[in-house]
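J.: Take a look and give me a structure for this.
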Amino acid sequence: MAKKVKKKKIDRIRNIGIIAHIDAGKTTLTERILYYTGKTHKIGEVHDGQATMDWMPEEQERGITITSAVTTCFWKDYEIHIIDTPGHVDFTIEVARSLRVLDGAIGVFCAVGGVEPQSETVWHHADKYKVPKMAFINKMDRLGADFWGTIEQMKEKLGANPLILTLPYGSEDEFKGVFDVIKRVWIKWDEESQGRIFEELPIPDDHIDEVEKARESLLESLSELDDEFMEKYLSDEEITDAEIHKVIRNACIGLKGVPVYCGSALKNKGVQPLLDGVVRYLPSPVDIPAVTGENPKTGEIEERPASDKAPLCALAFKIQMDQGRRLTYVRIYSGVLAAGAEVYNPGKNIKERIARLLQMHANKRERIQEAGAGNIVAVMGLKNTGTGDTLCDFEHPILLEPIETYKPVISVAVEPKTAGDQDKIDFALKKLAEEDPTFQVRMDEETGQTIISGMGELHLEVLVHRLKREFHAPVSVGKPQVVYRETILKEAEATAKFDREVAGSRQVATVTIKVAPKDKGSGNNVVCKVPEGKLPEAMLPHILEVLKQSLESGVVGGYPMIDTEVVLLDAIYEEGLSSEIAFRAAASMAFRKACEQAEPVLMEPVMSLEVIVPENFLGDVIGDLNSRGGKVSQIEPRGPVQVIKAIVPLSKMFGYSTTLRSMTQGRGTFTMVFSHYEPTNS
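T.: Numbering: from 1, shown residues only. As a prediction, the model looks like this:
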């Protein structure tokens with residue numbers, strides 16, 4: 001039975017994401033949030049494979065987040081929708097599509113590792129979508145924890161303006177809690193209650209100066225962001241906590257400042273002040289600009305305010321197969337979505353019906369009757385709606401900007417263990433591709449292989465595991481074969497005579513052809529220069545057909561030929577002896593003979609490569625490209641990074657994504673597209 005959910009006022013809703021580099025502690029922090037808000041009654045630990053949000057078997061085995069999980073919890077009468085996102089670069093699409101529908105984000109930084117590469121990537125994604133952010137400097141209990149070093153990296157690497165609201169009391173083994181900079185208290189957590197109970201104590205005398213200095217620095221930063229606040233600050237007027245909170249909130253929503261908290265999620269310290277910050281500073285759906293889109297009928301740009309009374313406007317941002325059923329995750333920007341209602345997908349010009357509406361808690365679900373503006377829910381019944389599709393009222397159509405996806409950069413071949421499994425594998429791959437826009441499947445017509453492509457080795461490894469586990473589709477995995485080509489380097493002419501007894505009768509035909517190289521990329525063609533009337537009309541098409549077919553299989557390795565012209569110069573017909581079979585055979589022999597004399601060469605696919613790396617890794621990356629037979633054509637600065645443009649043989653690029661990451665500490669990225677064919681060096 002669907003539950004009638006009591007609606008929260010929209011200004012009391014927070015849609016937030018937790019973003020960071022792998023192993024910064026995102027999921028551990030989320031588990032504490034769920035525990036302290038009463039959503040769960042037991043803390044699930046990542047290292048035990050028991051984290052609520054890491055529900056996939058692949059996540060539990062590896063101890064990492066692979067898919068973004070959605071949940072809802074409540075804190076001080078505020079409804080918080082949380083998306084816990086992956087930190088591994090192979091799953092960046094999960095972060096990007098989550099940030100597209102969120103109103104705020106918490107960036108989690110490891111106090112030891114600081115601002116790590118993937119932290120930069122996801123932070124800049126949030127910047128792109130203009131998502132207000134807070135920061136939580138985690139792992140203050142770890143050896144080597146450096147709070148102020150991480151603050152400096154936030155300024156340098158992210159261009160952030162940190163507004164420090166809690167300071168660590170000690171670090172490493174001596175980490176005892178945090179100081180609240182605004183309230184000027186020491187918050188101490190009770191370890192027996194797993195951090196659920198805490199108390200506010202006076203700041204120890206030897207730390208009062210430190211906290212006062214941080215508070216003064218905070219007020220100074222805020223005075224630069226608000227003229228009214230500056231007047232009060234400069235005239236030494238009394239400034240209330242409420243006034244401080246108001247300026248911080250405006251700075252956060254206006255992308256001018258980042259509230260910073262610290263703690264240790266694993267040791268249950270620092271989480272409740274962060275939750276207070278979420279409801280106090282991050283925006284509700286009504287605090288952000290109204291969503292805009294194009295009216296597909298008029299072509300005009302329209303907006304939808306965050307209100308239940310406005311026409312329906314929602315974005316499908318994630319598809320997930322759950323126990324064989326298709327779940328569509330939807331962010332509702334305006335209007336109300338109700339179970340049983342009909343919705344319009346303007347991008348595909350189709351109507352779909354909402355079979356069920358679900359409020360999700362990781363992989364657990366609760367049926368609800370309806371959901372209003374600002375909510376993130378899962379929907380069952382949408383058969384044709386995909387990632388990035390808009391859902392709206394048919395009478396008030398609007399088309400939102402789709403979600404940007406990424407092109408896959410690595411491929412492997414998959415084959416069924418038995419011939420009977422092919423249909424099962426095809427079905428499973430289709431379902432996985434519906435879920436993940438960065439996963440692509442194609443059939444290589446020349447090798448007959450099924451090629452799957454994704455964002456990296458781990459991405460494909462996880463997908464292959466899911467094929468076996470969820471769909472019971474056993475596969476063998478190997479590298480895809482590089483499909484070579486052949487061509488000729490010079491012109492040659494040859495004559496071949498077929499004279500043989502076939503099925504008890506003599507068959508005779510003579511064919512003369514010329515082959516010649518063409519310009520790169522111009523393709524093949526077959527030309528007839530046999531004088532008119534020299535051959536019976538019925539014979540000519542057979543000869544030309546054989547010559548076209550012969551171009552599909554060269555003389556070096558049997559690969560298709562490219563950029564070659566074949567000219568039929570002459571054909572001798574002998575009455576009573578020449579036949580279709582004889583001419584076909586003679587044409588094939590003449591083609592092979594001519595190509596063998598025309599300096600045939602094997603051609604390999606060459607890729608156009610663009611690598612983006614921080615400058616200090618430039619030399620290593622160029623050296624590696626040279627060792628792969630790559631030719632660097634251009635190096636240009638682009639902000640703090642360098643862009644290398646090169647051409648490189650595809651055969652040398654397998655495993656490159658892993659190599660590049662290890663060479664650049666995960667900060668290098670690349671795109672690769674087919675450019676042309678070149679003669680192989682071998």
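
J.: all contacts plus neighbour counts: C-alpha atoms, from now on.
T.: Noted.

J.: and the one helix or strand P541 maps to, what's its mean pLDDT?
T.: According to DSSP states H and E, P541 maps onto helix 540-550. The pLDDT scores in helix 540-550 average 92.

J.: quick one: contacts of the next helix or strand after it?
T.: Downstream of helix 540-550, the next assigned helix or strand under DSSP H and E is strand 564-572. For strand 564-572, the surrounding residues in contact (Cα atoms under 8 Å, 6 or more residues apart in numbering) are 487-488, 509-518, 523-531, 534-535, 544, 547.

J.: if we can go back for a sec, what residues sit buried inside the helix holding P541?
T.: L540, I543, L544, V546, L547, S550 (16 or more other Cα atoms under 10 Å).

J.: Can you give the distance of that helix from its chain's centre?
T.: 47 Å (Cα atoms, centre = their mean, to the nearest Å).

J.: send the alpha carbons of that helix over as PDB?
T.: C-alpha atoms of helix 540-550 as PDB (Å, rounded to 0.1, in the frame of the first residue of the first chain):
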ATOM      1  CA  LEU A 540      31.000  -7.700 -67.500                       C
ATOM      2  CA  PRO A 541      29.000  -7.400 -64.300                       C
ATOM      3  CA  HIS A 542      30.500 -10.700 -63.000                       C
ATOM      4  CA  ILE A 543      34.100  -9.400 -63.600                       C
ATOM      5  CA  LEU A 544      33.400  -6.000 -61.900                       C
ATOM      6  CA  GLU A 545      31.700  -7.700 -59.000                       C
ATOM      7  CA  VAL A 546      34.700 -10.000 -58.400                       C
ATOM      8  CA  LEU A 547      37.100  -7.100 -58.500                       C
ATOM      9  CA  LYS A 548      35.000  -5.200 -55.900                       C
ATOM     10  CA  GLN A 549      34.900  -8.300 -53.700                       C
ATOM     11  CA  SER A 550      38.700  -8.800 -54.100                       C
END
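
J.: which residues sit against that helix?
T.: N525, V526, C528, V566, L568, E580, F583, R584, A587, S588, F591.

J.: about what we covered before: is it possible to mark the buried ones in the contacts of strand 564-572?
T.: Buried members of these, scored by 16+ other Cα under 10 Å, are 487-488, 509-518, 524, 530, 544, 547.

J.: Among the residues you listed, which one sits closest to K497?
T.: Distance ranking of the buried ones among the contacts of strand 564-572 against K497, using Cα to Cα, places T510 first at 4.3 Å.

J.: and the buried residues of helix 540-550 as CSV, adding distance to M607?
T.: Putting the buried residues of helix 540-550 into CSV (distance: Cα to Cα, whole Å) gives the following:
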residue, distance to M607
L540, 40
I543, 36
L544, 34
V546, 32
L547, 30
S550, 27
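
J.: Which neighbouring elements make contact with the strand or helix carrying S588?
T.: Using DSSP H and E, the element containing S588 is helix 580-597. Other elements packing on helix 580-597 under the criterion 3 or more Cα pairs under 8 Å, 6 or more residues apart in numbering; DSSP states H and E are strand 492-502, strand 505-517, helix 540-550.

J.: between these, which gets nearest to E575?
T.: Proximity to E575 (Cα to Cα) singles out strand 505-517 among the helices and strands packed on helix 580-597, at 9.4 Å.

J.: The next helix or strand after the closest one pairs with which strands, parallel or anti?
T.: Following strand 505-517 in sequence order, the next helix or strand is strand 525-528 (DSSP H and E). Its sheet considered, strand 525-528 pairs with strand 564-572 (parallel) by DSSP bridges.

J.: low-scoring stretches of the stretch 401-550 of the chain, by residue?
T.: For the stretch 401-550 of the chain, the stretches flagged by pLDDT under 70 are 405-410, 445-447, 455-457, 479-483.

J.: and the helix holding P541 with strand 505-517, angle?
T.: 60 degrees (axes from the mean of the first three to the mean of the last three Cα atoms, to 10 degrees).

J.: what's the angle between helix 540-550 and helix 580-597?
T.: Helix 540-550 runs at 40 degrees relative to helix 580-597, counting by the same axes, to 10 degrees.

J.: ranges for the strands of the stretch 201-350 of the chain?
T.: Remark: strands assigned in the stretch 201-350 of the chain by DSSP state E, counting those that start in this stretch are 258-262, 291-294, 301-304, 313-322, 325-334, 337-338, 342-345, 350-353.

J.: By neighbour count, which bits of the fourth one are buried? Give me those.
T.: Of the residues in strand 313-322, those buried by neighbour count under the rule 16+ other Cα under 10 Å are C313, A314, L315, A316, F317, K318, I319, Q320.

J.: Kindly report the same for the last one.
T.: By 16+ other Cα under 10 Å, the buried positions in strand 350-353 come out as K351, E352, R353.

J.: Could you list the alpha-carbon positions for the helix holding S588 in CSV?
T.: Output in CSV follows, covering the C-alpha atoms of helix 580-597 (Å, rounded to 0.1, in the frame of the first residue of the first chain):
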residue,chain,number,x,y,z
GLU,A,580,31.0,-16.7,-66.0
ILE,A,581,33.0,-19.0,-63.7
ALA,A,582,36.2,-18.6,-65.9
PHE,A,583,36.0,-14.8,-66.0
ARG,A,584,35.4,-14.6,-62.2
ALA,A,585,38.5,-16.8,-61.6
ALA,A,586,40.6,-14.9,-64.1
ALA,A,587,39.7,-11.5,-62.6
SER,A,588,40.6,-12.7,-59.1
MET,A,589,43.9,-14.1,-60.2
ALA,A,590,44.8,-10.9,-62.1
PHE,A,591,43.9,-8.7,-59.1
ARG,A,592,46.1,-10.8,-56.8
LYS,A,593,49.0,-10.7,-59.3
ALA,A,594,48.8,-7.0,-59.8
CYS,A,595,48.7,-6.2,-56.1
GLU,A,596,51.7,-8.4,-55.4
GLN,A,597,53.7,-6.3,-57.9
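
J.: So what's the gap between it and the chain middle?
T.: Offset of helix 580-597 from its chain centre (Cα atoms, centre = their mean): 51 Å.

J.: same deal with stretch 591-606?
T.: Stretch 591-606 sits 41 Å away from the centroid of its parent chain (Cα atoms, centre = their mean).

J.: Would you mark the buried spots in it?
T.: Within stretch 591-606, the residues that count as buried by 16+ other Cα under 10 Å are 591-598, 600-606.

J.: one step back: could you find which two of the buried ones among the contacts of strand 564-572 are furthest from each other?
T.: A509 and K518, at 28.6 Å, using Cα to Cα across the buried ones among the contacts of strand 564-572.

J.: Could you pull up the contacting residues of the nearest residue to E491 once chain neighbours are set aside?
T.: Leaving out its chain neighbours, the residue that sits closest to E491 by Cα to Cα, 6 or more residues apart in numbering is A516, at 4.3 Å. Neighbour list for A516: I488, L489, K490, E491, A492, T564, E565, V566, A598 [criterion: Cα under 8 Å, 6+ apart].

J.: can you pull up the bridge partners for the first one?
T.: What that stands for is I488. Applying DSSP bridges to I488 gives these bridge partners: P600.

J.: Surely it is in contact with P600?
T.: Yes. Assessed by Cα atoms under 8 Å, I488 is found in contact with P600 at 4.3 Å.

J.: Could you export the strands of the stretch 201-350 of the chain as TSV, including mean pLDDT and distance to I16?
T.: Below are the strands of the stretch 201-350 of the chain laid out as TSV (pLDDT from 0 to 100; distance: least, Cα to Cα, whole Å):
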stretch	mean pLDDT	distance to I16
strand 258-262	96	14
strand 291-294	91	17
strand 301-304	92	20
strand 313-322	83	15
strand 325-334	87	12
strand 337-338	91	21
strand 342-345	93	26
strand 350-353	92	28
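
J.: Looking at those strands, which is nearest to R196?
T.: For R196, the closest of those is strand 258-262, at 16.8 Å, according to Cα to Cα.

J.: Having no further points to raise, I will conclude here.
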